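Enquirer: Build me a structure from this.
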Amino acid sequence: MDPQSKDSRMLLRCGTSSTEQSWGKLSANDFLSLTDDLTLLNGFMPFTFIAFFCNLDNFSKEPLACQLISCEMRGHVVFYKKAMKEVAFMNVKGHLKTINHHKYLVTVMCFKVGLYKQGLLHDLSKYHPKEFLPGIRYYQGNRSPYFMEKKLHRFSHGWLHHKGRNPHHFEYWIDISPVPGEGWVGMKMAKRYVAEMVIDRICASKNYQKEAYRDDSALIYYMRGRKMLLIDPETDFLTRYLLTLLAKKGEKAFLRYMKHVLLKNIDGDYHVVNHKLVLD
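Expert: Numbers count the residues shown, from 1 in each chain. Here you go, the predicted structure:
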């Protein structure tokens, strides 16, 4: 089939509205979005699908030149095997580097405040296939792959698996309130998990922002989305307290407070009284 034919252009429009040419400049994210759109079409079109022949030189840095041609297939999206192997290898390498470095940063900081077990066990579920494989497919490099998966599907298989197995995420603690009529609420998190959550946020900011990271980066990110969070009020107060301490006094003072004050009685409770933090 002629790549410039009407059928070929129609198939391209099914995959993306950005171009109707058989040759186009696509970024890595555009390419992955396009392949995902075509996967969604799988099984719904009774005639032809698209095969990709891609020049993957400098894939991570330069726009991707893709030649889209038609293939007489039913029920399958066909990908040029060599190209997809290279894409997969580069995503595996990038995603693995990202999660390994993040885990290293979190483990080191957890050790500094005395959370040895949590530091070692932090985010081990990311290596489970239900999280690792979506992480490869939707790898971004500058933010969590869950964002791209949610953008395409309105939810993320990887994130649903992750948040249900890691109590350092406040989403783990969302449940039906025991108070009649309250509905879904955020349950109060133990100090040890609030501490790990704050460390997790700090290290995520370091991992993705790199040289642009500052002591107030995690606080700015948290405050930007705070109004949308279903989180316990006292847990929210403690989170903001710790991130503000980091922003104002720096990392050394923050770690010292975490180890010698907040976590001194690690199983003790915390309360907010007259807008002040009180530790048991």
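
Enquirer: can you pull the buried residues of stretch 227-238?
Expert: Residues of stretch 227-238 classed as buried by neighbour count (16 or more other CB atoms under 10 Å): 231-232, 234-238. From N, CA and C alone the C-beta is placed, and that goes for glycine too.

Enquirer: Throw those into CSV and include distance to residue 280, secondary structure and pLDDT, thanks.
Expert: Shown next, in CSV, are the buried residues of stretch 227-238 (distance: CB to CB, whole Å; DSSP: H, G, I helix; E, B strand; the rest coil; pLDDT from 0 to 100):
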residue, distance to residue 280, secondary structure, pLDDT
231, 21, coil, 97
232, 16, coil, 96
234, 12, helix, 97
235, 15, helix, 97
236, 19, helix, 97
237, 15, helix, 97
238, 13, helix, 98
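
Enquirer: could I get these as TSV with distance to residue 155?
Expert: Compiled in TSV, the buried residues of stretch 227-238 are given as follows (distance: CB to CB, whole Å):
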residue	distance to residue 155
231	20
232	24
234	29
235	24
236	24
237	30
238	29
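
Enquirer: which one of those is nearest residue 195?
Expert: residue 238 (8.9 Å; CB to CB).

Enquirer: Now do the contacts for the nearest residue to the closest one once chain neighbours are set aside.
Expert: In space, and not counting its chain neighbours, residue 238 is closest to residue 194: 5.2 Å by CB to CB, 6 or more residues apart in numbering. Shown in contact with residue 194 (CB atoms under 8 Å, 6 or more residues apart in numbering): 235, 238-239, 242.

Enquirer: can you check residue 99 too?
Expert: Taking CB under 8 Å, 6+ apart, we find residue 99 in contact with 123, 126-127, 135.

Enquirer: Can you list phi and psi of it for me?
Expert: The phi and psi values for residue 99, taken as degrees, to the nearest 10, are phi -70, psi -30.

Enquirer: circling back: by neighbour count, which of the contacts of residue 99 wins?
Expert: Neighbour counts for these peak at residue 135, which has 25 neighbours (criterion: other CB atoms under 10 Å).

Enquirer: Return the distance of residue 180 relative to residue 241.
Expert: Going from residue 180 to residue 241 by CB to CB, to the nearest Å gives 31 Å.

Enquirer: ok, the two, which is more surrounded?
Expert: residue 241 (18 against 6).

Enquirer: and the helix or strand containing that one, what does it pack onto?
Expert: Counting by DSSP states H and E, the element that carries residue 241 is helix 233-249. Counting contacts by 3 or more CB pairs under 8 Å, 6 or more residues apart in numbering; DSSP states H and E, helix 233-249 is packed against helix 191-209, helix 217-225, helix 251-257, strand 270-273, strand 276-279.
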